[in-house]
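Enquirer: any chance you can model this:
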Amino acid sequence: MVAAPVDAPVDEPDDPVLAVERLSVAYGGDEVLDRLDLAVERGDRLAVVGDGASGKTTLARALVDGFPASARVSGSVGYRPEGGDPVSVFDLDDAERERFRREAVAVVGGDAGGFDPTSTLRGQFRPALRATGTDEARAERLLSAVGLDADRVLDARARELNAAATQLADLARAALADPAVLVVDDCPAAVAHLARGDRLGSFESAVGTGGGATGAGGPTLVALGTELPALATLADRLAVLHDGHVVEAGSTDRVLDDPTHPHTRRLVEFYRGSP
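Expert: Below is the predicted model:
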């Protein structure tokens, strides 16, 4: 059973593109999220930091209504497109949901990057190219923008690439449609790669060139993981997930310099090597 929520120190965004409200999710007798609230600022880089089995992947699935049929879900996820009417994610029909996951909020995650390990990535990019009406040259630009050798990666099989390359390639594939929000769940190798230099900035500049929902300031990024140093390097804002709900959220500098929740303080002290 998830512990009852505590009063969380949360700095609310001014222009949320996603709003998760009182979200509870259970699988069988296990309650994973309990009345979780989280708002995602449009155009921001948000890192959601949590321990293993803290519900990060369940939260990522919630943003696109990606639950298995056995899940028990209550609460809501709202998406607010720029210049459009708000969308209730859980009320989308099958066709709307498929388009939403491609053009509005795209989720990538896992070591294999969602690729079949036995066939080349070039072939596996083609369905996404057809669905988005884009060409292979755009895929090559996006792969290059994250620091990959596009030709080598496209001609390779996933089993021939390391975790960072497959995760980054999956991120590039998801970006073909210029979604407004890119969600990166449990991709520590890719996050560590993007945290070096301005690789993420180069990628964000390349994303908003396909005429999709990405705003002028680039896509909103939500990265979920356990590795605070790399995530904090990338993020404008941090949210700390613990016991099934967000216990603290705010600007990265504020959360790191002045953590107010006991779990956040322990997390920051651990990664800074404090006693």
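Enquirer: show me where this protein has helices.
Expert: With DSSP state H as the criterion, the chain has helices at 56-62, 94-103, 121-132, 136-145, 150-154, 163-174, 188-194, 199-207, 228-234, 252-257, 262-272.
Enquirer: including mean pLDDT, could the ones you listed go into TSV?
Expert: Converted to TSV, these look like this (pLDDT from 0 to 100):
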stretch	mean pLDDT
helix 56-62	95
helix 94-103	95
helix 121-132	95
helix 136-145	95
helix 150-154	97
helix 163-174	95
helix 188-194	93
helix 199-207	89
helix 228-234	93
helix 252-257	95
helix 262-272	91
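Enquirer: for residue 32, find the nearest of the ones you listed.
Expert: helix 56-62 (4.7 Å; C-beta to C-beta). C-beta: built from backbone N, CA, C; applies to glycine.
Enquirer: on that earlier part again, save the helices of the chain as JSON lines, and put in mean neighbour count and distance to residue 76 too.
Expert: Below are the helices of the chain laid out as JSON lines (neighbours: other C-beta atoms under 10 Å; distance: least, C-beta to C-beta, whole Å):
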{"stretch": "helix 56-62", "mean neighbour count": "23", "distance to residue 76": "10"}
{"stretch": "helix 94-103", "mean neighbour count": "15", "distance to residue 76": "15"}
{"stretch": "helix 121-132", "mean neighbour count": "16", "distance to residue 76": "28"}
{"stretch": "helix 136-145", "mean neighbour count": "19", "distance to residue 76": "32"}
{"stretch": "helix 150-154", "mean neighbour count": "18", "distance to residue 76": "38"}
{"stretch": "helix 163-174", "mean neighbour count": "25", "distance to residue 76": "24"}
{"stretch": "helix 188-194", "mean neighbour count": "22", "distance to residue 76": "28"}
{"stretch": "helix 199-207", "mean neighbour count": "18", "distance to residue 76": "27"}
{"stretch": "helix 228-234", "mean neighbour count": "19", "distance to residue 76": "26"}
{"stretch": "helix 252-257", "mean neighbour count": "16", "distance to residue 76": "25"}
{"stretch": "helix 262-272", "mean neighbour count": "15", "distance to residue 76": "25"}
